[in-house]
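Asks: model this:
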Amino acid sequence: MEQFKIRCSAISQIMSEPRSKADKEAGLLSETTKSYVHEWLTSEIYGVRKQLDTKQITKGLEMEERAIEVLQEKYSNQYFMLKNEEYFENDFMTGTPDVITKDAIFDTKCSWDMFSFPLFDSDLNKAYYWQMQGYMHLVGRDKASVAYVLVNTPERLAYSETDKYDYEQLPTSKESKSFG
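Replies: So this is what the prediction gives:
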């Protein structure tokens, strides 16, 4: 069996707390943590990693380069951004941040559409918070930002008129929202 190393994108699953005060005080693991460990062990026993494949994930992967271009436009006077291809790991975790600059890391999240874009959110999703904590630890940076970006949906993934909305027409200020 391989040594356990968590992917940065899954850190929140082991950092979750039990729901009840009694379980917290007793030092019990949360159900989320137990489920993650069970899935990891099942993967190790059978030698197959569970694949999560949704249209949203596919769009995010396919449009990542465009999302980075949008960020480069937004931060052109502060950072030079290129897609990071380097995989990082240590004894405990693994991960590949989208962009690494000399003093910060950036991760892009391509919203499916304007209705899943965090237009009115004021706090970063906890799962992404923990993911960035892992990335910062792996690459030795103390500054990180998660940027939600509105980019066009590839035609083959678009099912409705909303999916076909042209985000290229938006000013840069409305195409992205950053946390951190």
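Asks: which helices and strands does the strand or helix carrying residue 11 pack with?
Replies: Using DSSP states H and E, residue 11 sits in helix 11-15. Helix 11-15 is packed against helix 31-46, helix 126-139, with contacts defined by 3 or more CB pairs under 8 Å, 6 or more residues apart in numbering; DSSP states H and E. Using the backbone N, CA and C atoms, a C-beta is placed for each residue, glycine as well.
Asks: what's near enough to touch the spatially most central residue of the chain?
Replies: Note on the chain: the residue nearest the mean C-alpha position is residue 128, at 5.4 Å, using CA atoms, centre = their mean. Residue 128 makes contact with 107, 109, 146, 179, according to CB atoms under 8 Å, 6 or more residues apart in numbering.
Asks: The third one pairs with what?
Replies: Judged by DSSP bridges, the bridge partners of residue 146 are residue 107, residue 179.
Asks: so how many other residues sit close to it?
Replies: The number of residues packed near residue 146 is 21, by other CB atoms under 10 Å.
Asks: and it, what does it touch?
Replies: If a contact means CB under 8 Å, 6+ apart, then residue 146 has 106-109, 124-125, 128, 131-132, 178-180 as its contacts.
Asks: And the first one, by the same measure?
Replies: If a contact means CB under 8 Å, 6+ apart, then residue 107 has 97-99, 128, 131-132, 135, 144-147 as its contacts.
Asks: Selection in ChimeraX covering whichever of those residues are buried, please.
Replies: With 16 or more other CB atoms under 10 Å as the criterion, this ChimeraX line picks the buried residues out of these:
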select :97,98,99,128,131,132,135,144,145,146,147
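Asks: quick one: which helix or strand includes residue 82?
Replies: Using DSSP H and E, residue 82 sits in no helix or strand.
Asks: right, and it touches residue 99 too?
Replies: Yes. With contact defined as CB atoms under 8 Å, residue 82 reaches residue 99; the gap is 7.0 Å.
Asks: just to revisit the earlier point, which one of the helices and strands packed on helix 11-15 lies nearest to residue 21?
Replies: Closest of those to residue 21 is helix 31-46, at 15.2 Å (criterion: CB to CB).
Asks: Now do the residue nearest to the centre of the chain against residue 76, distance only.
Replies: Separation of residue 128 from residue 76 (CB to CB, to the nearest Å) stands at 24 Å.
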